[in-house]
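Chemist: heads up, no residue letters with this:
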Ligand SMILES: Cc1cc2nc3c(=O)[nH]c(=O)nc-3n(C[C@H](O)[C@H](O)[C@H](O)COP(=O)(O)OP(=O)(O)OC[C@H]3O[C@@H](n4cnc5c(N)ncnc54)[C@H](O)[C@@H]3O)c2cc1C
Ligand code: FES
Ligand code: FES
């Protein structure tokens with residue numbers, strides 16, 4: 001296969017693409033070059049879901065059925081779809097022999113659309129869920145729960161209809177006889193697109209290259225230290241769409257299978273830097289179920305399907321949501337270059353605002369989590385104005401071991417409180433070796449004030465952030481104290497269902 005030609009399966013048909021800038025978005029190409037205008041442009045920054053499409057990809061073992069997942073076309077650089085399938089809303093009818101697909105019919109029947117601008121995006125998010133329910137064999141047993149539907153459409157905004165009829169459509173879409181994608185046919189078509197060589201091309205002074213092994217990636221990184229590493233592009237897409245930045249050389253990490261692997265590691269986990277947030281969070285939650293709500297609130301399914309854990313850690317935003325929990329868990333980051341490998345405690349990776357201990361020729365190869373400690377108590381909470389898909393004002397990770405009522409090995413990390421996600425070392429010192437009681441809590445809260453000089457911006461004032469962090473420490477105490485600990489439902493002001501529901 002020509003190493004300069006992007007090959008994708010568009011609505012079931014192979015398409016060869018050349019002569020495009022590497023940062024061309026899938027959305028711009030679908031609408032401009034292909035005339036597929038059902039996919040809408042709203043925000044152009046991954047926030048509204050009007051541009052939602054579904055991607056099909058061979059499973060890690062190609063003998064298994066291909067995976068289908070929703071992504072935002074507006075922040076997805078087209079060359080990263082090489083070898084994959086893209087389905088747009090136009091394809092749904094062909095699955096239903098020219099009639100409306102059951103997902104679309106349910107939206108009509110439940111009055112789930114008014115102006116209709118958001119509707120293709122909702123249809124595609126619901127279609128991904130529809131296929132998932134059928135593949136798991138759940139469709140015959142029961143419709144998806146409202147909570148699961150809400151979660152599937154958490155990245156879709158509707159400004160006029162209101163969400164209740166759309167959720168009802170999600171509950172009704174499985175009523176009709178199934179109209180399913182032929183996954184075996186998809187698998188055969190994707191196998192035909194598989195390449196062994198490296199996709200690499202230049203366009204008007206910009207270069208894109210997608211190495212296929214760690215060694216090839218490291219050699220490229222060493223030769224092009226000024227190049228931009230591109231993983232899922234959910235941060236980089238905004239640099240281009242909103243920051244209007246020109247990225248001269250892009251090295252895409254998504255084709256390096258070893259970088260996408262998640263493997264058990266001495267009782268803990270080793271998560272390849274290019275593993276999707278969806279896959280990484282699923283593995284982490286299996287080991288640490290306490291983190292389920294945090295990951296559910298991280299962005300939206302399309303962003304989590306495209307974005308990677310390595311990208312979040314590498315971006316190193318002070319309000320990034322994975323770092324506080326990872327630091328509380330004692331995560332280490334593995335850095336690799338042609339010179340060799342080194343491993344750092346994650347908190348030591350962050351030097352200053354967006355400044356990291358990462359040499360120009362290095363990449364993040366993996367994030368490693370230790371095994372869960374016995375008697376460990378763990379919580380992580382995100383405070384933001386909305387339940388779904390919002391940026392944190394404060395995000396905190398708390399962990400400690402409780403033995404005979406005494407605190408051991410406390411680890412607290414809070415984002416939104418300093419120029420980097422940071423450990424609260426004075427607070428930890430106030431906790432270590434003490435009984436976990438109200439006097440210790442009060443001392444730890446006083447120490448919190450020494451640990452941080454919080455950010456003061458339009459998202460939250462410094463005063464709010466300080467009080468909120470102290471409040472989260474109280475919540476941690478209430479849920480983990482040795483005497484009469486409270487359940488999560490007793491410490492939250494609103495049920496998640498109240499927050500995630502509501503009208504338009
Ligand atoms: C709508 C929306 C909602 C979001 N919500 C959240 C949220 O709730 N919480 C949150 O924390 N973030 C959120 N984000 C930010 C973003 O999704 C995450 O930071 C994501 O993890 C980035 O991963 P990526 O693979 O897309 O990174 P990319 O955009 O590909 O890259 C991000 C940075 O990491 C670098 N990089 C990537 N891989 C490596 C590597 N292996 N080694 C070294 N450097 C590397 C890139 O060069 C770049 O500087 C949101 C983004 C959007 C668009
Ligand atoms: S246009 Fe809003 S998410 Fe893409
Ligand atoms: S129907 Fe108008 S935005 Fe949803």
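Modeler: Okay, I see it. For clarity, every value in this text was computed on a predicted model and none was experimentally measured. Ligands and ions are numbered 1, 2, ... in the order given.

Chemist: three-state assignment of the spatially closest residue to residue 448 that is not a sequence neighbour?
Modeler: Nearest non-adjacent residue to residue 448, counting by CB to CB, 6 or more residues apart in numbering: residue 427, 5.0 Å away. Just so you know, the C-beta spots here come from the backbone N, C-alpha and C atoms, and that holds for glycine as well. Under DSSP: H, G, I helix; E, B strand; the rest coil, residue 427 falls in the helix class.

Chemist: For residue 427, report the pLDDT, please.
Modeler: Looking at residue 427, its pLDDT is 98.

Chemist: And residue 143, by the same measure?
Modeler: For residue 143, pLDDT reads 88.

Chemist: what's the nearest residue to it if we skip its chain neighbours?
Modeler: Distances taken as CB to CB, 6+ apart put residue 171 closest to residue 143, at 4.6 Å, once the chain neighbours are dropped.

Chemist: ok, now which ones touch the one you found?
Modeler: 143-144, 146, 149 (CB atoms under 8 Å, 6 or more residues apart in numbering).

Chemist: Go ahead and confirm residue 302 touches residue 74.
Modeler: No - using CB atoms under 8 Å as the test, residue 302 is too far from residue 74 to be in contact (10.1 Å).

Chemist: Same drill for these two, tell me which one is more crowded.
Modeler: Here residue 302 and residue 74 are compared on neighbour count by other CB atoms under 10 Å; more neighbours surround residue 302, at 33 against 27.

Chemist: what's the pLDDT at that one?
Modeler: As predicted, residue 302 sits at a pLDDT of 98.

Chemist: how many other residues sit next to residue 35?
Modeler: 9.

Chemist: scratch that, residue 385 is what I was asking about
Modeler: 10.

Chemist: Regarding it, what is its secondary structure?
Modeler: coil.

Chemist: Can you read off the pLDDT for it?
Modeler: Each residue has a pLDDT score; the one for residue 385 is 87.

Chemist: tell me the contacts of it?
Modeler: For residue 385, the contacting residues are residue 393, by CB under 8 Å, 6+ apart.

Chemist: Show the residue spans covered by the helices in the stretch 351-500 of the chain.
Modeler: Along the stretch 351-500 of the chain, counting by DSSP state H, counting those that start in this stretch, helices occupy 425-431, 438-451, 462-480, 488-491, 496-500.

Chemist: out of everything not next to it in sequence, what's closest to residue 438?
Modeler: residue 477 (7.7 Å).

Chemist: That neighbour: neighbouring residues, count only.
Modeler: There are 22 residues near residue 477, going by other CB under 10 Å.

Chemist: Listing request: residues of the protein with sub-threshold pLDDT.
Modeler: Across the chain, the ranges flagged by pLDDT under 70 are 1, 493-504.

Chemist: What residues does it have near ligand 3?
Modeler: The chain comes close to ligand 3 at residues 113-119, 158-161, as judged by CB under 6 Å from any ligand atom.

Chemist: Filter those residues down to just the buried residues.
Modeler: Neighbour-count burial (16 or more other CB atoms under 10 Å) applied to those gives 113, 117-119, 158, 161.

Chemist: Which ones among the residues you listed map onto helices?
Modeler: Using DSSP state H, the subset of these located in helices is residue 119.

Chemist: Which two among the buried ones among the residues of the chain next to ligand 3 are spaced furthest apart?
Modeler: Distance extremes for those: the farthest pair is 117 and 161 at 10.3 Å, using CB to CB.

Chemist: Closest residue of the stretch 401-504 of the chain to ligand 1?
Modeler: Going by CB to the nearest ligand atom, ligand 1 is nearest to residue 415 of the stretch 401-504 of the chain, at 8.2 Å.

Chemist: on that earlier part again, can you put the residues of the chain next to ligand 3 in a markdown table and add distance to ligand 2?
Modeler: Formatted as a markdown table, these follow (distance: CB to the nearest ligand atom, whole Å):
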| residue | distance to ligand 2 |
| --- | --- |
| 113 | 17 |
| 114 | 18 |
| 115 | 15 |
| 116 | 15 |
| 117 | 10 |
| 118 | 9 |
| 119 | 14 |
| 158 | 12 |
| 159 | 12 |
| 160 | 16 |
| 161 | 17 |
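
Chemist: nearest to ligand 1, of those residues?
Modeler: Ligand 1 lies nearest to residue 118 out of these, by CB to the nearest ligand atom, at 15.1 Å.

Chemist: Phi, psi for the nearest residue to the closest one once chain neighbours are set aside please.
Modeler: Sequence neighbours aside, residue 158 is the residue nearest to residue 118 in space, at 4.5 Å (criterion: CB to CB, 6+ apart). With angles defined as degrees, to the nearest 10, residue 158 sits at phi -120, psi 130.

Chemist: and if you look at residue 142?
Modeler: Taking degrees, to the nearest 10, you get phi -170, psi 150 for the backbone angles of residue 142.

Chemist: So is stretch 26-46 next to ligand 1?
Modeler: Yes - for stretch 26-46, a contact with ligand 1 is found by CB under 6 Å from any ligand atom, at 45-46.

Chemist: cool, and stretch 153-164?
Modeler: No - counting by CB under 6 Å from any ligand atom, ligand 1 is not contacted by stretch 153-164; separation bottoms out at 7.1 Å.

Chemist: Please work out which residues outside that stretch touch it.
Modeler: 42, 46-50, 52, 70, 72, 111-115, 117-118, 121-122, 125-126, 150, 166-167, 170, 299-303, 388-389, 500-504.

Chemist: Could you list the residues of the protein in contact with ligand 2?
Modeler: Within the chain, the positions lying close to ligand 2 (CB under 6 Å from any ligand atom) are 41-44, 46-51, 72, 74.

Chemist: so which of those is the most crowded?
Modeler: Highest neighbour count within those: residue 72, with 32 neighbours (other CB under 10 Å).

Chemist: measure it to residue 247 for me?
Modeler: Between residue 72 and residue 247 the distance is 18 Å, computed by CB to CB, to the nearest Å.
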